[in-house]
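Chemist: just a sequence and a predicted model for now, questions to come.
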Amino acid sequence: MTTHEWTGRDDGPGAGHARWHSVITTTTDRPGVALVGFASDEGVRRNGGRPGAAAGPTEIRRALASLAVHTDVPLLDAGTVTVSGTDLEGGHDALSAQVEELTRAGHTVIVLGGGHETAFGSHRGVRRALGHSPAIINLDAHFDLRVAPAPSSGTPFRQIADLAGEEFRYAVLGISVPNNTRALFDTARELGVRVTTDVELAEMTSAGCEALVGKLLEDAPDVHLSIDLDVLPAAVAPGVSAPAALGVDLARILTLVRAVARSGKLRLVDVVELNPLLDVDGRTARVAARIVEEIVRHRPSD
């Protein structure tokens with residue numbers, strides 16, 4: 001596949017030299033990993049954040065393009081859903097339809113945001129395809145459980161809770177206590193959210209992180225992994241709407257991501273909040289690409 005995003009170094013033909021740009025395609029006859037972009041700033045704007053995340057999907061693809069491929073799983077680029085003007089609701093409808101179609105085809109779907117409003121549209125799509133709501137693990141400094149007059153980047157998991165009802169199963173890892181109000185903590189308790197703070201994660205060993213994921217996925221047939229890049233320290237991920245004063249180090253985030261991927265239960269991933277306008281030397285885009293690569297590489301072969 002050749003577009004301006006999917007270009008990069010060419011060391012030679014064959015699987016031994018494979019890079020993302022040389023193997024990704026727009027069609028495949030067997031299930032694999034499907035990328036979908038969600039070019040949206042509207043949710044961040046409604047939430048009072050700094051716009052720019054609509055350009056995130058393009059920059060993540062560019063950062064992925066030259067990374068080596070160490071799997072034979074088909075890699076599919078299913079295009080980008082672009083929010084038109086302020087019509088976030090219409091964008092959510094289109095994203096849900098795209099995720100539903102790809103999930104029914106057997107793909108593991110990775111959605112490249114966009115603000116964290118992405119998560120509602122993607123979750124609704126996978127829910128329609130599976131017939132139930134998968135368990136959610138959100139790597140994030142924020143709950144995103146706000147109640148607001150209109151959907152935004154601060155509301156997606158409250159929207160999912162309203163949609164899923166008794167099926168709602170939500171764990172958020174990396175919560176920054178000073179950046180979430182007591183009211184949000186109360187809402188989380190009322191909804192039965194499992195919470196691990198950034199400080200608690202910092203004190204965990206790799207084995208502890210893996211055990212935490214194992215416990216969270218007990219009795220869960222499917223999982224939706226949502227990754228807000230603002231969970232990382234600002235020095236690692238400066239290109240986000242709300243950079244973290246503390247954050248969770250990248251090594252621990254990758255340990256958590258690999259544990260979810262290896263579970264064999266992963267059906268949907270969101271990687272959100274990359275804002276290229278605020279990035280420094282492409283650091284955040286490269287981190288986002290590395291996270292996607294780790295997920296694909298550690299996902300069990302079909």
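Modeler: On my side now, so go ahead.
Chemist: pretty sure residue 159 sits against residue 152.
Modeler: No: contact criterion Cβ atoms under 8 Å: residue 159 and residue 152 do not qualify, at 9.8 Å. For the C-beta atoms, the positions are set from N, CA and C on the backbone; glycine is no exception.
Chemist: pLDDT averaged over stretch 202-212 - what is it?
Modeler: If you average the pLDDT over stretch 202-212, you get 97.
Chemist: list the buried residues of that stretch.
Modeler: 204, 209-210, 212 (16 or more other Cβ atoms under 10 Å).
Chemist: cool, stretch 268-281 as well?
Modeler: 268-276, 278-279.
Chemist: residue 68: which of those residues is nearest?
Modeler: residue 271 (19.1 Å; Cβ to Cβ).
Chemist: so the closest one sits against residue 227, correct?
Modeler: Yes: judged on Cβ under 8 Å, residue 271 makes contact with residue 227 at a distance of 5.0 Å.
Chemist: okay, and the common contacts of the two?
Modeler: With contacts defined as Cβ atoms under 8 Å, 6 or more residues apart in numbering, the residues adjacent to both residue 271 and residue 227 are residue 291.
Chemist: now the helices: where do they sit in the stretch 151-300 of the chain?
Modeler: 156-164, 182-190, 198-202, 206-216, 250-262, 283-298 (DSSP state H, counting those that start in this stretch).
Chemist: actually the stretch 1-150 of the chain, not the one I typed
Modeler: Using DSSP H, counting those that start in this stretch, helices in the stretch 1-150 of the chain cover 20-23, 42-46, 56-65, 88-104, 118-130.
Chemist: give me the residue at the spatial middle of the chain.
Modeler: Closest to where the C-alpha atoms of the chain average out (Cα atoms, centre = their mean) is residue 270, at 2.0 Å.
Chemist: thought that one was touching residue 122?
Modeler: Yes: with contact defined as Cβ under 8 Å, residue 270 reaches residue 122; the gap is 5.5 Å.
Chemist: overlap of the contact sets of those two?
Modeler: In contact with both residue 270 and residue 122: 111, 224, using Cβ under 8 Å, 6+ apart.
Chemist: ok, how many other residues are close to residue 101?
Modeler: Residues near residue 101, counting by other Cβ atoms under 10 Å, number 17.
Chemist: ok, it - contacts?
Modeler: Counting by Cβ under 8 Å, 6+ apart, residue 101 makes contact with residue 129.
Chemist: pull up the gap between it and residue 59, please.
Modeler: 25 Å (Cβ to Cβ, to the nearest Å).
Chemist: before we move on, what about residue 218?
Modeler: Counting by Cβ to Cβ, the gap from residue 218 to residue 59 is 36 Å.
Chemist: then residue 215?
Modeler: 35 Å.
Chemist: between these two, point out the one with more neighbours.
Modeler: Neighbour count, other Cβ under 10 Å: between residue 215 and residue 59, residue 59 has more, with 22 against 10.
Chemist: isn't the more buried one up against residue 276?
Modeler: Yes: the pair residue 59 / residue 276 is scored as a contact, 4.6 Å apart, by Cβ under 8 Å.
Chemist: joint contacts of those two?
Modeler: residue 285.
Chemist: so where is the protein shaky, pLDDT-wise?
Modeler: Within the chain, the ranges that satisfy pLDDT under 70 run 1-4, 302.
Chemist: can we see that at 90?
Modeler: Along the chain, the model assigns pLDDT under 90 to residues 1-5, 8-16, 27-29, 301-302.
Chemist: surely residue 136 meets residue 160?
Modeler: Yes: assessed by Cβ under 8 Å, residue 136 is found in contact with residue 160 at 7.1 Å.
Chemist: where do the contact lists of those two overlap?
Modeler: Common neighbours of residue 136 and residue 160 (Cβ under 8 Å, 6+ apart) are 123, 170.
Chemist: what distance do you get for the nearest residue to residue 112 once chain neighbours are set aside to residue 80?
Modeler: What sits nearest to residue 112 in space, not counting adjacent residues and going by Cβ to Cβ, 6 or more residues apart in numbering, is residue 57, at 4.2 Å. Separation of residue 57 from residue 80 (Cβ to Cβ) stands at 5 Å.
Chemist: cool, and residue 126?
Modeler: Taking Cβ to Cβ, one finds residue 126 at 18 Å from residue 80.
Chemist: same drill for the two, tell me which one is more crowded.
Modeler: Between residue 126 and residue 80, counted using other Cβ under 10 Å, residue 126 has the larger neighbour count: 23 against 20.
Chemist: give me the neighbour count for residue 20.
Modeler: Quick note: residue 20 (other Cβ under 10 Å) scores 25 neighbours.
Chemist: and what of the one 10 residues further on?
Modeler: Other residues within reach of residue 30, judged by other Cβ under 10 Å, total 10.
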